[in-house]
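Asker: Pasting the sequence and the predicted model now:
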Amino acid sequence: MISKRKISPIGKRTISVLEAELRQRAAERDDAVAREAAITEVLQVINSLRGDLAPVFDAILERATRLCEAVFGNLYTFDGNAFLPVAVHGPPDFAEWFPRRGAIVPPRGAPLDCILRGEQVAHIVDATDTEAYRTHPGHREVIDRAGIRTWIGVALRTRDGLLGAIVVYRREVRPFSENEIALLRNFAAQAVIAMENARLLTETRETLKQQTATAEVLAVINASPGNLQPVFDAILDKAHSLCDANIGWLLTFDGEVAQTRASRGLVDLDPSVVSAPFLPGPAMRRLIEGESSFQIPDISEVKDIPGTPLIWRASCELLGTGTYLVVPLCKDGTARGFINAFRSPVRLFSEKEIALLQNFAAQAVIAMENARLLGELRLRTEEVAELNRGLEARVAEQVEELARVGRLKRFLAPQLAELIVSQGDEKILESHRREIVVVFCDLRGYTAFTETAEPEEVLDFLRDYHGALGPLVGQYEGTLDQFSGDGIMVFFNDPVPIPEPAERAVKMAVAMREVAGTLIAAWRRRGRELGFGIGVAQGYATLGQIGFAERSGCTAIGTVCNVAARLCGAAKDVQILVSQHVAAGLNGSVGLEEIGPLAVKGLSQPVVAYNVPLAANQTTLRVIEGGPSDV
């Protein structure tokens, strides 16, 4: 049989202490498990709702309030100026009333004020025993209406600054424990993580939207070379959509006036107001002077500024209130246009939004520059095409001119032919009467030569003969009438009058005699007895062009031509016979020997003739003087 031992009072007290400690440890364990479970649940909410902060804030605030044994709580975000309640947990009357208070600028000494001034944790044991409660009626109203006594706020903070705060409240004076404060810190860290994730996700989405919009605008620029209207429309639409603008317009500026090229949100406005050119107002003037952007926080306060354009005032009337932003389209520091954006209600454009509008402004400038360069290229292309057309026409004219020169050179001196063509007038070749000097020359003994020589030999001689004498016609500005076998007829003073035609004619005859003498001397050494004679006469004749389109010539008809031919026939070898009229026209410039009257075939009256003697240095001709004659 086992006996029961009695427990002493001391032992009972020890057991009670141990049991109390065990219960405390169990409670702490349960609290830790609950905290871990709450934290896990919040993390699951964060992971499942990427970018959507409202469910995350609600979950964090509900668990923080419950686990800290608070009656109600708020989660705030901070915009740099005030705290905005984004989540409320507590009794329905409190949850409905508190958000209606709007943004909060905390009074001095309030928990949110302590956080704003840099504290991470602001713990108020008795809210009614604070300076803020005693001195700030609005703060006291909140404390009394909600029955707040003890409360604590934990900052939501990153390296970049304050994001917001979590605040929980008790209706009795009971300080929060270290564990509860640590729990709130943990929830605050989770809220910061969620907000940073949301920020990064939002920035990523915004960046993607911006890149997509930029790519779409670039696609429009590429698809519309030189056509700026689709580009302006696309730029304005994308820029205003991404910046959440209600009204706006894109302007071009020529240095004097601005004009709307695209608009958004102005469908109810008179089109004449939208499209009318205007002088830039004060805001745009600041950009023209070098500012990179200009913003008016509330247009309702400044909509009647003197000098503002009608379209600006009309846009203000449409919105009533809101924020205005304008950025320039700049090229090399010069404003070439503006992008204007209005949005309502009042909300300042952020630095990112301003940078975005500036980026779209840069794209507009690129499009304008591309259009300008393309316009210049098209203009240059048209100019080149016009130059080519003009060149083709000039080439055609020059070809025709060369053809005309070629035709005229067959019977005119080259300089005379070119003169006629340059004047563009061939009327001088029409039939007319004029006093001329005619030179006729041929070979002595040519008939006998052709009868005994082979045809090839005759052609060779004629090529040499004509090739040597022909250039002299142009040199002395004569007009070649014909090459007929060995006979050559040239006249002077037509179709273009020349000074001293008799002197020119005789000098050409002398030069022909010298050249012909050299050729004939060579042929005589080969056994061919040939000679050369020339006749020169002066008088009136009828002249003009004969032939047809492909082959034509200029000829002279009249007694003077017959006289020159008969004098040529009467001339002995190397003799140049000139008529009395020619002798008178020389005025002593050429020495002459009078031969006297000559009876010539075909003329009833004898012709007084003069001989042009050989010069002392014309030894070649002296050798052959007295050669054969075909007279």
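Answerer: That came through fine.

Asker: Can you pull the poorly scored residue ranges out of the stretch 351-500 of the chain?
Answerer: Regions of the stretch 351-500 of the chain meeting the criterion pLDDT under 70 cover residues 401-429.

Asker: give me that answer again for 90
Answerer: Applying pLDDT under 90 to the stretch 351-500 of the chain picks out residues 351-432, 444-462, 464, 470, 474-475, 477-486, 494-498.

Asker: which residues of it fall in strands?
Answerer: Under the criterion DSSP state E, counting those that start in this stretch, the stretch 351-500 of the chain contains strands at 432-444, 479-484, 487-492.

Asker: Which one of the ones you listed lies nearest to residue 584?
Answerer: Ranking the strands of the stretch 351-500 of the chain by proximity to residue 584 (Cβ to Cβ) places strand 432-444 first, at 11.6 Å. The way it works is simple: take the backbone N, C-alpha and C, and place the C-beta from them, glycine included.

Asker: And the closest one, what does it pack against?
Answerer: strand 487-492, helix 501-524, strand 531-548, helix 559-570 (3 or more Cβ pairs under 8 Å, 6 or more residues apart in numbering; DSSP states H and E).

Asker: So which bits of the second one are buried?
Answerer: Buried residues in helix 501-524, defined by neighbour count with 16 or more other Cβ atoms under 10 Å: 501-510, 512-517, 519-520, 523.

Asker: before we move on, what about the last one?
Answerer: Neighbour counts over helix 559-570 (16+ other Cβ under 10 Å) mark 560-570 as buried.

Asker: Can you add distance to residue 269 and pLDDT and give these back as a markdown table?
Answerer: Formatted as a markdown table, the buried residues of helix 559-570 follow (distance: Cβ to Cβ, whole Å; pLDDT from 0 to 100):
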| residue | distance to residue 269 | pLDDT |
| --- | --- | --- |
| 560 | 94 | 92 |
| 561 | 94 | 91 |
| 562 | 99 | 92 |
| 563 | 100 | 93 |
| 564 | 97 | 93 |
| 565 | 99 | 92 |
| 566 | 103 | 92 |
| 567 | 102 | 93 |
| 568 | 101 | 93 |
| 569 | 105 | 90 |
| 570 | 107 | 91 |
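
Asker: roughly how far apart are the most centrally placed residue in the chain and residue 222?
Answerer: Nearest to the mean C-alpha position of the chain, by Cα atoms, centre = their mean, lies residue 373 at 1.2 Å. Per Cβ to Cβ, to the nearest Å, residue 373 is found 14 Å from residue 222.

Asker: thinking residue 566 is in contact with residue 536, fair?
Answerer: No: with contacts counted by Cβ atoms under 8 Å, residue 566 stays clear of residue 536, the gap being 11.5 Å.

Asker: what about stretch 117-135, start to end distance?
Answerer: Using Cα to Cα, to the nearest Å, one end of stretch 117-135 lies 19 Å from the other.

Asker: residue contacts, residue 583?
Answerer: Neighbouring residues of residue 583 by Cβ atoms under 8 Å, 6 or more residues apart in numbering: 592, 610.

Asker: so where does it fall, helix or strand?
Answerer: In the assignment (DSSP states H and E), residue 583 maps to helix 580-586.

Asker: avg pLDDT for that helix?
Answerer: For helix 580-586, the mean pLDDT works out to 92.

Asker: and what of stretch 530-540?
Answerer: Computed over stretch 530-540, the mean pLDDT rounds to 94.

Asker: Send me it as CSV with only the CA atoms.
Answerer: C-alpha atoms of stretch 530-540 as CSV (Å, rounded to 0.1, in the frame of the first residue of the first chain):
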residue,chain,number,x,y,z
LEU,A,530,49.3,71.9,-164.2
GLY,A,531,48.9,75.6,-163.6
PHE,A,532,46.7,78.0,-161.6
GLY,A,533,44.8,81.2,-162.5
ILE,A,534,42.4,83.6,-160.7
GLY,A,535,39.9,86.3,-161.7
VAL,A,536,38.5,88.9,-159.4
ALA,A,537,35.5,91.2,-160.2
GLN,A,538,33.3,93.6,-158.3
GLY,A,539,29.7,94.5,-158.9
TYR,A,540,26.1,94.0,-158.0
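
Asker: Just the buried positions in it, please.
Answerer: Buried residues in stretch 530-540, counted by 16+ other Cβ under 10 Å: 530-539.

Asker: I'd like these laid out as CSV, including distance to residue 377.
Answerer: Formatted as CSV, the buried residues of stretch 530-540 follow (distance: Cβ to Cβ, whole Å):
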residue, distance to residue 377
530, 72
531, 74
532, 69
533, 72
534, 68
535, 70
536, 67
537, 69
538, 67
539, 68
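
Asker: Pick the one among the residues you listed closest to residue 339.
Answerer: Nearest to residue 339 among the buried residues of stretch 530-540 is residue 538, at 90.7 Å by Cβ to Cβ.

Asker: before we move on, the earlier item: let's have the buried residues of helix 559-570 in TSV, adding distance to residue 469.
Answerer: Shown next, in TSV, are these (distance: Cβ to Cβ, whole Å):
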residue	distance to residue 469
560	21
561	18
562	22
563	21
564	16
565	17
566	20
567	18
568	14
569	18
570	20
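
Asker: With respect to residue 486, which of those is nearest?
Answerer: Proximity of these to residue 486 (Cβ to Cβ) peaks at residue 568, which lies at 10.8 Å.

Asker: ok, that closest one touching residue 438?
Answerer: No: the pair residue 568 / residue 438 is not scored as a contact, 9.8 Å apart, by Cβ under 8 Å.

Asker: Now the terminal residues of stretch 168-182, how far apart.
Answerer: The first residue of stretch 168-182 is 13 Å away from its last residue (Cα to Cα).

Asker: Just the buried positions in it, please.
Answerer: Buried residues in stretch 168-182, defined by neighbour count with 16+ other Cβ under 10 Å: 168-170, 176, 180-181.

Asker: Which two among the residues you listed are spaced furthest apart?
Answerer: 169 and 181 (14.5 Å).

Asker: looking at the helices and strands packed on strand 432-444, which is closest to residue 235?
Answerer: Among the helices and strands packed on strand 432-444, the nearest to residue 235 by Cβ to Cβ is strand 531-548 (71.3 Å).

Asker: Now the strand or helix carrying residue 168: buried residues?
Answerer: Per DSSP H and E, residue 168 falls inside strand 161-170. By 16+ other Cβ under 10 Å, the buried positions in strand 161-170 come out as 162-170.

Asker: Could you do stretch 109-117 as well?
Answerer: Buried residues in stretch 109-117 (16+ other Cβ under 10 Å): 109-116.

Asker: ditto for stretch 598-607
Answerer: Residues of stretch 598-607 classed as buried by neighbour count (16+ other Cβ under 10 Å): 598, 600, 607.

Asker: Among the residues you listed, name the ones in strands.
Answerer: Mapping these onto strands (DSSP state E) picks out 598, 607.

Asker: hang on, the earlier thing: redo the buried residues of stretch 109-117 as CSV? Include secondary structure and pLDDT.
Answerer: CSV is the format used below for those (DSSP: H, G, I helix; E, B strand; the rest coil; pLDDT from 0 to 100):
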residue, secondary structure, pLDDT
109, coil, 81
110, coil, 85
111, helix, 84
112, helix, 88
113, helix, 90
114, helix, 89
115, helix, 91
116, helix, 90
